[in-house]
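J.: Whatever this is, show me its structure:
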Amino acid sequence: MTTKPNLETDWARAPPPSGPAWRQIANAFYNPEEKSFLGRTPKRWAIVLVFYSVFYAVLALMFAACMGGLFLTLDLKTPTYTLGKSLIGSNPGVASRPRPMDKDAVVRYDSGNSTGVKAYVDQLNEFFGQDGLATVSVLSEECTFKDNFGYPDTPCFFVKLNKIIGWKPECYNDAENLPTEMPEDLKEYIKTVETTKLNQIWVSCWEEKSNNTKIEYPWGRGLSADFYPYYKDDTYKSPVVAVKLSAPVNTPVVVRCRVWAKNVVYNKSLKEPSGYTRIQLQIEDNTTTDEPKAEN
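T.: Down below sits the predicted model:
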C-alpha cells in the first residue's frame, strides 16, 4: 500500500484468494490453470530431467574413467606395497599345525578319548587337503595320514612360515660357516645334507623346560627355498617341517621351534615374538591301573 500527497491511498494487487485447504493441496499436485504438476509445467519437468540425466551421466563417466585408470595400475598378484614398505613387513611369522582348540593355546587331549583325538587329526587332514603338502619327498610314513599323524601317543606338529608376497629367504647354505648360536645337533645334520640341497630354511626345536620329551624330524629339518618367493597363486603349497613329539603323559610340555635364515629376525620375547613358534602340549591319561580286589 502507498499514500499519495493528496492523501489518497493506492492498493497493490493482492493474490487471488487461496481457497480452502483441500484446494491448496490439490493445486500443489496439479494446477489446472497453470497446467503444472508439483509446481512445474511439463516443459520445465523435461528440462530438469534432461539436465540431471546429462549431469549424472557425466559424473558416472568420470568415475568410471578414474576407476579404470586406477585398476590399470594394479597388479592382481602383487600388492603395490610389499615387504618393508607394507604393514606386514619383511619378517615372516612362524606357525604350527594343528592349532590349539582351547583358549589357553594348549593342544590338550585325553589319549583314551577318541573324539578329542579325532578333532586334531581331522584338523590336519583339512590343513593338508586345502593348503597342500609341499616339502621334500616324504619317504617315511611317519607323520602322515597313514599313521594318524602320530596321534595319540606320539603327536606330530607341522612348522611353517606365514606367507609374505615377494619374500625370499637368505639361507645358511655353507655347512662350514654357520651361526655360533645354532644348536650343535642341527649343525651336524646340515653337514650330512647334499651340497645341492643346502638352500633350506632350517628348523630346530627344544623344550623350554626339560620333561624328557623326545623330539624327532621324520621328514628332515628344512623348508626348501625352492618354494620362495611366494606370489598370489591358488595352486601354491606351503612347505612344512614335521616335528614328532614323544611326551610324558599328564605333564605340560612346551616346545619352541626356531627357523634359521639370515633374513629372519629372532626375538625370544614372549610379548613380541619373532622367528619362532611355541608348541604347548598336554597328553592326558585318565585310565587307572588299579585292579579290583578279589572277594574272599
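J.: Where does V259 sit, in terms of helix or strand?
T.: Secondary structure from DSSP states H and E places V259 in strand 253-260.
J.: and the helix or strand following that strand, what does it pack onto?
T.: Downstream of strand 253-260, the first helix or strand assigned by DSSP H and E is strand 276-284. Using 3 or more Cβ pairs under 8 Å, 6 or more residues apart in numbering; DSSP states H and E, the elements in contact with strand 276-284 are strand 94-97, strand 107-110, strand 241-246, strand 253-260. The way it works is simple: take the backbone N, C-alpha and C, and place the C-beta from them, glycine included.
J.: can you tell me which of those strands comes nearest to C171?
T.: strand 253-260 (8.5 Å; Cβ to Cβ).
J.: Distance from that closest one to the middle of the chain?
T.: Here the centre of strand 253-260 is set off from its chain's centre by 22 Å, with Cα atoms, centre = their mean, to the nearest Å.
J.: can you give me the mean pLDDT across it?
T.: Average pLDDT, strand 253-260: 95.
J.: got it, and stretch 266-286?
T.: Mean predicted confidence for stretch 266-286 is 89.
J.: Could you check how far K168 is from G275?
T.: Plainly put, K168 is 17 Å away from G275 if you go by Cβ to Cβ, to the nearest Å.
J.: quick one: which of those two has more around it?
T.: A count of neighbours by other Cβ atoms under 10 Å puts G275 above the other of K168 and G275, at 18 against 14.
J.: wait, isn't the more buried one in contact with N267?
T.: Yes: with contact defined as Cβ atoms under 8 Å, G275 counts as touching N267 (6.4 Å).
J.: Where in this protein is the helix or strand with the lowest mean pLDDT?
T.: strand 2-3 (a mean of 54; mean pLDDT, DSSP states H and E).
J.: one step back: quick check: which of the helices and strands packed on strand 276-284 is nearest to N125?
T.: Ranking the helices and strands packed on strand 276-284 by proximity to N125 (Cβ to Cβ) places strand 94-97 first, at 10.9 Å.
J.: Quick check, pLDDT for the closest residue to N199 other than its chain neighbours.
T.: Leaving aside its chain neighbours, N199 sits nearest to A225 (4.2 Å; criterion: Cβ to Cβ, 6 or more residues apart in numbering). If you check A225, the pLDDT there is 90.
J.: since we're on A225, how many residues are nearby?
T.: Neighbours around A225, by other Cβ under 10 Å: 19.
J.: do C143 as well
T.: Around C143 there are 26 residues (other Cβ under 10 Å).
J.: What distance do you get for it to P169?
T.: Counting by Cβ to Cβ - C143 and P169 are separated by 23 Å.
J.: close enough to count as contact, K268 and Y276?
T.: Yes: assessed by Cβ under 8 Å, K268 is found in contact with Y276 at 7.3 Å.
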